[in-house]
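In: Structure for this input, please:
(chains A and B)
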Amino acid sequence: MDRTREFTDSVESFKRRQALSSSTGAPTLGVRAQKPPKSRVFVTASQIARNLGHIGINVKKLADLSKTSDPFKDCEVRIEELSGTIKLDLDTLKAQIDGLPKLLSECRNAHSRAHCEQIIEQLRMRLANVTQKMKTILTSRSEALRLQQERRDQFCATTTPSVLSHRTGGSQPYNIYSGDPALGGPAAAAASGGSDFAVALPEDDLTPLQQTQVAYHASRTQSMTRVQRTLAEIGRMFQDFTQLVYSQGEQLRIIDDNLDHTLDNLEAATGELKTAQKKISSNRWLIIKILLIIVAFLLVFGLLFR
Amino acid sequence: MRLSAIAIFHRAPTETVEPDSVQIMESAFNLAAVPFWDKKKVEELILQGFRICGARIPPGTIHSVRYPEAQHTFHIVLQASGKGCVVATDAEYPSRSAVSIAYKFLNRVPGQPVSAATATTPAVQNLHDAITVYQDPVQADKISLLQRELEEVHRVMEENIERVLRRGEQIDDLIARSNKLSDASKAFYQRTKKMNSCCTLL
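Out: Predicted structure coming up:
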């Protein structure tokens, strides 16, 4: 609806009133006094609206930054700055909007008051929208950060230290020993002393009784390590064995191929020999015939020439 | 390396008691190496040694004591409840085996054999079996048994690898021979082919 005509009419009416008030004294003051408070509300309201617009733009920028999720760009700092400024602006605006109702009391007639209240309500709604958007962006950002951290943990998980494996190897006698729960405290202490055998063994200040305990567990640990070593060696030997057998299998295959070739060659050669034999055996007759013919020709020529 | 006696005893679980208050529940002896006239004396000495060791040891410990008068070493395990087992061996017998024998009898469940029969070890039902079977200290200690079997496997594998290496040499020889055979047969075939193509008359 085009209300510019109404606007120009109201402007002219104001001008007429001003011209009227310039001639009269006191009423103009009241009118004058009426205007500034109204315009003050509007001025602050317009300021707040402008600031809200700025904040909206900032929030959009923040949303874009947090959506990039490019691990190589250092958006963290910028995102933090931006969200801080947005928060501050939101707080100041909230304070200003809360301060607006005080200015309401300066509005004289009910219409302008209703109008102002409406404006304040609108501003509050816009502020609520912006804060809601800000909240969603922050939650999505924290979710993304959590996922990133999870992925990082997955790839950089710490491995179990090798000390643990030594511990399990050395504490085996302890476990076998602790299967006997009837024995009391000193034995358990000696067991732990025995499992730390590899670390230090201050034997001087031990009574013979304690020495026996320590020696018992130390001997068990030693034997277990020996068993482990033997087992590892046996494993290695099995592997070597398998490798040797495999390579020998390859060699056997080569031998087999050689023999196949030999067989082929021999068969072919015997075939050739058979044909040669046939040729030779069949040749005789041909030779005899040819010789007879030559002899015949010679005889004929000889008779002719005589 | 001999195992002479095993005994299970009871005593009060206090710190130390009088040797006479140690009650020997079960005992078994194997004094084959001792000459006939010394047998009784040695048995008495061993029992005395059992009593003294059982009395002086604080509960909840294991200990190995040399007792020169009886020419034996006593290995004792005394539980906190006052039940204990002591094994008399000579000086060479490994203490670990003796202590594990003691544990076996302390943890014995009545009705089941002390140690079940496996492929390599016979079953042990009571003290008398134990004395005969565990003359070989390796039988008593599972770790030593394991070590022995692993060493056996190791030896067998070494032998296997040696045999395989010899087999490898023989296979190399075979390869050379089969190569020569194949070459000879090829030459033979080529010769006959040449002969056939060239010699048409005889």
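In: and B:Ala33, how many neighbours?
Out: Each residue near B:Ala33 was counted by other C-beta atoms under 10 Å in any protein chain shown, and the total is 9. Glycine gets a C-beta too; all of them are placed from N, C-alpha and C.
In: Using the three-state scheme, assign it.
Out: With DSSP: H, G, I helix; E, B strand; the rest coil as the basis, B:Ala33 sits in coil.
In: by contact count, what packs against the helix or strand where B:Asp183 lies?
Out: Assigned by DSSP states H and E, B:Asp183 belongs to helix B:142-198. Helices and strands touching helix B:142-198, by 3 or more C-beta pairs under 8 Å, 6 or more residues apart in numbering or on different chains; DSSP states H and E, are helix A:208-305, helix B:95-106, helix B:137-140.
In: Mean pLDDT, distance to B:Ala123 and mean neighbour count added to these, as JSON lines?
Out: JSON lines is the format used below for the helices and strands packed on helix B:142-198 (pLDDT from 0 to 100; distance: least, C-beta to C-beta, whole Å; neighbours: other C-beta atoms under 10 Å in any protein chain shown):
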{"stretch": "helix A:208-305", "mean pLDDT": "89", "distance to B:Ala123": "24", "mean neighbour count": "14"}
{"stretch": "helix B:95-106", "mean pLDDT": "85", "distance to B:Ala123": "12", "mean neighbour count": "23"}
{"stretch": "helix B:137-140", "mean pLDDT": "81", "distance to B:Ala123": "11", "mean neighbour count": "22"}
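In: For B:Arg155, find the nearest of these.
Out: helix A:208-305 (10.2 Å; C-beta to C-beta).
In: other SSEs contacting that closest one?
Out: helix A:162-170, helix A:172-178, helix A:185-195, strand B:61-67, helix B:95-106, helix B:142-198.
In: ok and that helix relative to helix B:142-198, angle-wise?
Out: Orientation note: helix A:208-305 sits at an angle of 10 degrees relative to helix B:142-198 (axes from the mean of the first three to the mean of the last three C-alpha atoms, to 10 degrees).
In: got the angle between helix A:208-305 and helix B:95-106?
Out: Angle, helix A:208-305 to helix B:95-106, by the same axes, to 10 degrees: 110 degrees.
In: What's the local residue count around residue 87?
Out: No chain was given, so I picked chain A. Neighbours of A:Lys87 using other C-beta under 10 Å come to 14.
In: My question was about chain B, not that one.
Out: Neighbours of B:Val87 using other C-beta under 10 Å come to 30.
In: next one: the one 4 residues further on
Out: A count of neighbours around B:Ala91, defined by other C-beta under 10 Å, yields 11.
In: which residue is nearest the middle of the chain?
Out: Just so you know, I chose chain A. The geometric centre of chain A, computed from its C-alpha atoms, lies nearest to A:Arg151 (C-alpha atoms, centre = their mean), at 4.1 Å.
In: Chain B was what I was after
Out: B:Val138 (2.3 Å).
In: and the helices and strands packed on helix A:208-305, which is most packed in?
Out: Of all these, helix B:95-106 carries the top mean neighbour count, a mean of 23, counting by mean count of other C-beta atoms under 10 Å in any protein chain shown.
In: Okay, buried residues for the helix or strand following that helix please.
Out: Once the chain leaves helix B:95-106, the next helix or strand it forms, by DSSP H and E, is helix B:127-133. Within helix B:127-133, the residues scored as buried using 16 or more other C-beta atoms under 10 Å in any protein chain shown are B:Leu127, B:Asp129, B:Ala130, B:Ile131, B:Val133.
In: One more: stretch B:76-89?
Out: Under the neighbour-count criterion of 16+ other C-beta under 10 Å, stretch B:76-89 has B:76-80, B:82-89 buried.
In: Show the end-to-end separation of that stretch, please.
Out: 11 Å (C-alpha to C-alpha, to the nearest Å).
In: close to chain A, is it?
Out: Yes: applying C-beta under 8 Å from any C-beta of the partner chain, one finds stretch B:76-89 touching chain A at B:Gln79, B:Ala80, B:Ser81, B:Lys83.
In: Now B:Ala7, what are its backbone angles?
Out: In terms of degrees, to the nearest 10, the main-chain angles of B:Ala7 are phi -140, psi 140.
In: burial of whatever residue of chain B ends up closest to chain A, as a residue count?
Out: Nearest residue of chain B to chain A (C-beta to the nearest C-beta) works out as B:Gly60 at 3.2 Å. Here the number of neighbours of B:Gly60 (other C-beta under 10 Å) works out to 19.
In: Among the residues of stretch B:76-89 next to chain A, which one sits closest to B:Phe9?
Out: Once C-beta to C-beta is applied, the member of the residues of stretch B:76-89 next to chain A that ends up nearest B:Phe9 is B:Lys83, at 7.8 Å.
In: Isn't the closest one up against B:Ile8?
Out: Yes: if you go by C-beta atoms under 8 Å, B:Lys83 and B:Ile8 touch, sitting 7.5 Å apart.
In: so what sits against both of the two?
Out: Counting by C-beta atoms under 8 Å, 6 or more residues apart in numbering or on different chains, the common neighbours of B:Lys83 and B:Ile8 are B:Leu106.
In: count of neighbours near the nearest residue to A:Ile119 once chain neighbours are set aside?
Out: Computed as C-beta to C-beta, 6 or more residues apart in numbering or on different chains, the closest residue to A:Ile119 that is not its neighbour in sequence is A:Ala45, at 5.0 Å. A count of neighbours around A:Ala45, defined by other C-beta under 10 Å, yields 19.
In: could you check the distance from A:Ala45 over to B:Cys53?
Out: Relative to B:Cys53, A:Ala45 is positioned 102 Å away (C-beta to C-beta, to the nearest Å).
In: can you check A:Leu100 too?
Out: Distance, A:Leu100 to B:Cys53, using C-beta to C-beta: 99 Å.
In: go on, A:Arg50?
Out: Distance of A:Arg50 to B:Cys53, given as C-beta to C-beta: 100 Å.
In: for A:Thr207, phi and psi?
Out: Backbone torsions for A:Thr207, taken as degrees, to the nearest 10, come to phi -70, psi 160.
In: Give me the distance from stretch A:8-21 to the chain's centre.
Out: Centroid separation for stretch A:8-21 versus its chain: 71 Å, with C-alpha atoms, centre = their mean, to the nearest Å.
In: Give the rounded mean pLDDT of that stretch.
Out: Stretch A:8-21 shows a mean pLDDT of 83.
In: Buried residues of it, list them for me.
Out: Of the residues in stretch A:8-21, A:Ser21 count as buried by neighbour count, 16+ other C-beta under 10 Å.
In: Stretch B:31-46 now?
Out: In stretch B:31-46, counting by 16+ other C-beta under 10 Å, buried: B:Leu31, B:Val34, B:Val42, B:Glu43, B:Leu45, B:Ile46.
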